[in-house]
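Engineer: this is a predicted model, with the sequence first.
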There are 2 protein chains.
Amino acid sequence: MPELRKDPIIDRWVIISTERGKRPVFFVEEAAPSKAGMCPLCAGNENMTPPEVYAIRRDLSPPNSPDWMLRVVPNKFPALRIEGALNKEGVGLYDRMNGVGAHEVVIETPHHSEMLSHMEVEDIENVFIACKERCLDLAKDKRFKYVMVFKNHGSIAGASLEHSHTQLIALPIVPRRVIEEIEGGLAYYRYKDRCIFCDIIAQEKEEGVRVVFENEHFIAVSPYASRFPFETWIMPKKHEACFVSRDKEDNFYSAAEALSVILKKYNKVLNSPPYNFMIHSAPFGNGEMHHYHWHIEIIPRLTKMAGFEWGTGFYINPTPPEEATEYLRETSI
Amino acid sequence: MPELRKDPIIDRWVIISTERGKRPVFFVEEAAPSKAGMCPLCAGNENMTPPEVYAIRRDLSPPNSPDWMLRVVPNKFPALRIEGALNKEGVGLYDRMNGVGAHEVVIETPHHSEMLSHMEVEDIENVFIACKERCLDLAKDKRFKYVMVFKNHGSIAGASLEHSHTQLIALPIVPRRVIEEIEGGLAYYRYKDRCIFCDIIAQEKEEGVRVVFENEHFIAVSPYASRFPFETWIMPKKHEACFVSRDKEDNFYSAAEALSVILKKYNKVLNSPPYNFMIHSAPFGNGEMHHYHWHIEIIPRLTKMAGFEWGTGFYINPTPPEEATEYLRETSI
């Protein structure tokens, strides 16, 4: 059973993923690259994954048969386990609980080599819809307090499978990073009576120098205090706290278009870089929160974390966001 | 001039290091490996670095001549600049200040290929002494509030030069990570009237399962909530808040010995991995702080940060610290 352990000095939880059992040799040897035919995420290999929990299928093809456009399956090597109770307990001055949670994989396409950046906007929209539906379903389990939706693209960005996929991890705790953002937003709201993200969007639209792309419902900016070169945030232009409460009218089409444009621009300017994206959202059941605003953070993985960053929480970014914006804006796709 | 910019949502500062001017092509091309003869940190190439600010020399050889054992020089491509005033200002809802600070390089050895892990304990002790002396000198500049001492070993760990070196960055702000640790220690102290690190050391000595090494004055443990496989913390056994207030009696000999043992064990168990270490210390002039305890955090760079970690601040560690301890303890060096 994996464990959740808390750093006693700062409120940082760590998943000790005991079942993966990594002996030192694991870190020394390079993992072999997966081959198209042997890939468990490819169409035709449905029996290589646990049974699907959600799918978008053509016509009425039965679950776990090959004729799908998108599938969501439990991760075969989950960081957390769905079974059991939390059993929170103290160990001397330390705190622990069982590693209860859910870890799912959204297989974005049946084709091994198709990348998210090359997919049709409607198919990218389907990825968001699948994530939303899975979040809503996972929210019914009262043990879970938060679902993190994220994507690792490329081995440098932590992807262990080549086949394009997004992941969801449901957690029994609201993560510290989310709490910090919500508390930061609340402090601003108490002072100004406005959402800080809405104010950021207004200032960015006025200044113009960090706006990379904009459509009817979403805006993509290089954040003023970008941690990484070419970091981009995609935000809904109207206030919206929670990713899952996205209104039906536009659904995720505009978000998908913005993501598609940014990824295509990255490919051209940065030579198809590895990247991560994370959906930052208010926790379940906080759709009406006035001081938080959901958004997608995308980070191309171009620089390395080093001792200074680990020790301070400071980041050193060699590319001013205004310059990154210019490069991205000028590139035609 | 580099800039310090603050994320308006959470108190995270970012150094926008404008002078390094990284165009996209920089991230796409691989850096060429440095060659021994051309290395600016090698003995004989003193004219390739800015003039030294500290050195340990044999006999009375003059500054910037070749006959040295250790040299400290300003970084030729500093993340922050020593000249100028902070000029704190607002830009709409954003906050910025000039990137004022100091960035120095401790050249640990005159020999290009000698690694810290292979150096004599006395020479490692000299690295700590040099860092301490530079911290004390930088502390005289009232613009600086904190000095971060860290080492990047290996390109994956962010080292851009092969020649073994440690770095110091003096900052005009106490970094967020340091504040969090101090606040965490204070909360515990208010409740228990004891230093949390002293209590951790007591519990670790009693339990025994995470103690990797111990000598008269220092103890090396795998932290209970290790973020990374084989993470190790080296702590002084007697309470001591600030790195620079280390008492003269033992000075840094025991710390250097503990570091040497851990690095040698890493080399054997993990095949000479890239690593970072960071000295976590109370800020200047807080030597008497009862609720903080300086220590060295060492992280071998074996796993990759991915979307889940960036989004949550959670870490997934595949190697339980008790297992890491066993591997390290059993290895003879």
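Structural biologist: That came through fine. Residues are numbered from 1 along each chain as shown, chains lettered A, B, ... in the order given.

Engineer: show me which residues of the stretch 101-250 of chain A are close to chain B?
Structural biologist: Residues of the stretch 101-250 of chain A lying close to chain B (Cβ under 8 Å from any Cβ of the partner chain) are A:148, A:150-152, A:155-159, A:167, A:169, A:171, A:175-178, A:180-181, A:184-185, A:188, A:196-197, A:199-200, A:203, A:207, A:223-227, A:229-230. Bear in mind the C-beta positions are built from the backbone N, C-alpha and C, glycine included.

Engineer: now which of those would you call buried?
Structural biologist: With burial judged by 16 or more other Cβ atoms under 10 Å in any protein chain shown, the buried subset of these is A:148, A:150-152, A:155-159, A:167, A:169, A:171, A:175-178, A:180-181, A:184-185, A:188, A:196-197, A:199-200, A:203, A:223-227, A:229-230.

Engineer: so in chain A, where's the weakest helix or strand by average pLDDT?
Structural biologist: helix A:24-28 (a mean of 67; mean pLDDT, DSSP states H and E).

Engineer: so who does the spatially closest residue to A:Ile156 that is not a sequence neighbour touch?
Structural biologist: Spatial nearest neighbour of A:Ile156, excluding adjacent residues (Cβ to Cβ, 6 or more residues apart in numbering or on different chains): A:Pro274 at 4.1 Å. By Cβ atoms under 8 Å, 6 or more residues apart in numbering or on different chains, the contact set of A:Pro274 is A:153-157, A:159, A:300-301.

Engineer: likewise for A:Ala306?
Structural biologist: B:150, B:152, B:157-159, B:276.

Engineer: just so I have it, where are all the helices in the stretch 201-333 of chain A?
Structural biologist: Using DSSP state H, counting those that start in this stretch, the helices of the stretch 201-333 of chain A run over residues A:253-270, A:307-312, A:321-330.

Engineer: among those helices, which is the most enclosed?
Structural biologist: helix A:307-312 (a mean of 24; mean count of other Cβ atoms under 10 Å in any protein chain shown).

Engineer: who's in contact with it?
Structural biologist: Taking Cβ under 8 Å, 6+ apart as the rule, helix A:307-312 contacts A:314-316, B:79, B:148, B:150-152, B:157-158, B:167, B:169, B:171, B:175-178, B:276-280, B:297, B:299.

Engineer: in the stretch 1-150 of chain A, which residue sits closest to chain B?
Structural biologist: Nearest residue of the stretch 1-150 of chain A to chain B, counting by Cβ to the nearest Cβ: A:Phe150, 3.0 Å away.

Engineer: show me what the host helix or strand of that residue is packed up against.
Structural biologist: Taking DSSP states H and E as the criterion, A:Phe150 maps to strand A:146-153. Contacts defined by 3 or more Cβ pairs under 8 Å, 6 or more residues apart in numbering or on different chains; DSSP states H and E place strand A:146-153 against helix A:121-138, strand A:165-171, strand A:275-280, helix B:307-312.

Engineer: helix A:121-138 and that strand, what's the angle between them?
Structural biologist: Put simply, strand A:146-153 runs at 150 degrees to helix A:121-138, going by axes from the mean of the first three to the mean of the last three Cα atoms, to 10 degrees.

Engineer: can you give the contact residues for strand A:146-153?
Structural biologist: Contacts of strand A:146-153 (Cβ under 8 Å, 6+ apart): A:102, A:115-116, A:131, A:134-135, A:138-139, A:158-159, A:164-171, A:173-175, A:178, A:243, A:274-279, A:281, A:283-284, B:306-308, B:310-312.

Engineer: likewise stretch A:58-71?
Structural biologist: Applying Cβ under 8 Å, 6+ apart, the contact partners of stretch A:58-71 are A:43-44, A:46-47, A:49, A:51-52, A:54-57, A:106-110, A:123, A:126-127, A:130.

Engineer: only the buried subset of the residues you listed, as a PyMOL command please.
Structural biologist: Buried subset of the contacts of stretch A:58-71, written as a PyMOL selection, criterion 16+ other Cβ under 10 Å:
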select buried, chain A and resi 43+46+49+52+54+55+57+106+107+108+109+110+123+126+127+130
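
Engineer: from the contacts of stretch A:58-71, which land in strands?
Structural biologist: A:54-57, A:106-107 (DSSP state E).

Engineer: for the closest residue in space to A:Pro223 that isn't next to it in sequence, give its distance to A:Pro24.
Structural biologist: Spatial nearest neighbour of A:Pro223, chain neighbours left out: A:Trp233 (5.5 Å); criterion: Cβ to Cβ, 6+ apart. From A:Trp233 across to A:Pro24, the span is 38 Å (Cβ to Cβ, to the nearest Å).

Engineer: roughly how far does A:Pro236 sit from A:Tyr224?
Structural biologist: Relative to A:Tyr224, and taking Cβ to Cβ, A:Pro236 is found at 19 Å.

Engineer: tell me where the model's unsure across chain A.
Structural biologist: Residue ranges of chain A with pLDDT under 70: A:19-23, A:25-37, A:248, A:287.

Engineer: care to break chain A down by domain?
Structural biologist: For chain A, automatic domain parsing gives the domain ranges A:3-174, A:177-330.
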